[in-house]
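Novice: Compute the structure for the input listed below.
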Amino acid sequence: MRVLYADDEEMMRLLLGTLLEQAGHTAELVNDGQEAWDAWQRGRHELVILDWMMPKVEGDEVCRRIRQLDADRASYILMVTAKDGHEDLSRVLEAGADDYVSKPLTPQVFLTRLRIAEQRIAVQETRRKAEHDLKEARYLAGIGETAIAVQHEINNPLAALISVVGLLKQGLYSPEEMPEALDVVAEQANRIATVTKRLNSLEKPRSVEYAYGERMIDLSGARHDDPIVP
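Specialist: Numbers count the residues shown, from 1 in each chain. Below you'll find the predicted structure:
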């Protein structure tokens with residue numbers, strides 16, 4: 001996992017950086033809040049560990065900036081603070097931190113918090129993947145239902161068009177029959193145009209049963225004010 005750790009105390013950076021690497025993570029270490037903000041914008045790290053009191057930009061402000069660009073909370077933020085008052089901790093959480101740990105910080109306490117962060121990040125990643133897979137499945141299902149609907153609505157007028165045009169090309173219509181044949185061509189072409197217009201203007205697509213358990217998008221031209229059928 002890619003970890004960003006910001007602390008202006010060199011000994012803390014060395015200690016926690018070593019613990020992170022021993023735990024199998026890739027750690028990027030920076031020594032002030034501005035460097036942390038710049039590094040996060042470049043790397044979008046999965047785990048961000050911020051000391052609260054830092055030069056240039058304090059940790060809670062870095063946290064707040066990250067959350068403004070990270071609405072999905074893809075970065076897990078752990079705040080390290082020497083303050084432990086109720087108002088102070090509320091400020092940390094209001095800034096968008098997922099967790100905090102108080103100083104003085106021992107290796108055992110840090111590793112415990114790190115395991116908690118790892119577990120929560122894994123749960124969040126599983127949830128995001130499930131949501132992505134669900135959206136993709138719905139998208140693909142929608143493509144299939146649209147294809148069935150287009151085929152259903154266009155097949156008949158298209159077959160009529162092909163048939164009439166074929167007879168016209170073979171010269172099988174008498175002069176008296178030509179106007180009627182051309183009327184058929186125009187009518188079927190208009191039917192196809194109407195279907196494509198409905199497809200383009202759908203605002204609330206509704207899924208309806210087609211055949212053999214399959215479903216299709218309703219292109220019948222009826223109003224679609226009812227809820228979408230799953």
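
Novice: Tell me the helices and strands packed up against the lowest-mean-pLDDT helix or strand in the chain.
Specialist: Using mean pLDDT, DSSP states H and E, the weakest-scoring helix or strand in the chain turns out to be strand 207-209, at a mean of 73. Applying 3 or more C-beta pairs under 8 Å, 6 or more residues apart in numbering; DSSP states H and E, one finds that strand 207-209 contacts strand 215-217. To be clear about C-beta, it is placed using only N, CA and C from the backbone, and glycine gets the same treatment.

Novice: Buried residues in the strand it packs on, which are they?
Specialist: Under the neighbour-count criterion of 16 or more other C-beta atoms under 10 Å, strand 215-217 has 215-217 buried.

Novice: Could you do stretch 86-99 as well?
Specialist: 89, 91-92, 95-98.

Novice: likewise stretch 67-82?
Specialist: Neighbour-count burial for stretch 67-82, counted by 16+ other C-beta under 10 Å, picks out 70, 75-81.

Novice: So which residues of this structure form strands?
Specialist: Along the chain, counting by DSSP state E, strands occupy 2-6, 26-30, 47-51, 76-81, 99-102, 207-209, 215-217.

Novice: Can you list the residue ranges for helices in the protein?
Specialist: Along the chain, the stretches classed as helices by DSSP state H are 10-22, 33-43, 59-69, 86-94, 107-169, 178-201.

Novice: Out of the buried residues of strand 215-217, which is nearest to residue 155?
Specialist: Lowest distance from residue 155 to the buried residues of strand 215-217 (C-beta to C-beta) belongs to residue 216, with 12.5 Å.

Novice: just so I know, which of the helices of the chain lies nearest residue 2?
Specialist: Of all those, it is helix 33-43 that lies closest to residue 2, at 6.3 Å by C-beta to C-beta.

Novice: other SSEs contacting that closest one?
Specialist: strand 2-6, strand 26-30, strand 47-51, helix 59-69.

Novice: and the angle from the third one to helix 10-22?
Specialist: On the basis of axes from the mean of the first three to the mean of the last three C-alpha atoms, to 10 degrees, strand 47-51 is oriented at 160 degrees to helix 10-22.

Novice: would you put the C-alpha positions of strand 47-51 in CSV?
Specialist: What follows is strand 47-51, C-alpha atoms only, in CSV (Å, rounded to 0.1, in the frame of the first residue of the first chain):
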residue,chain,number,x,y,z
LEU,A,47,-3.2,5.9,3.5
VAL,A,48,-2.3,9.4,4.7
ILE,A,49,-0.8,9.9,8.1
LEU,A,50,-0.6,13.6,9.2
ASP,A,51,0.9,15.2,12.3
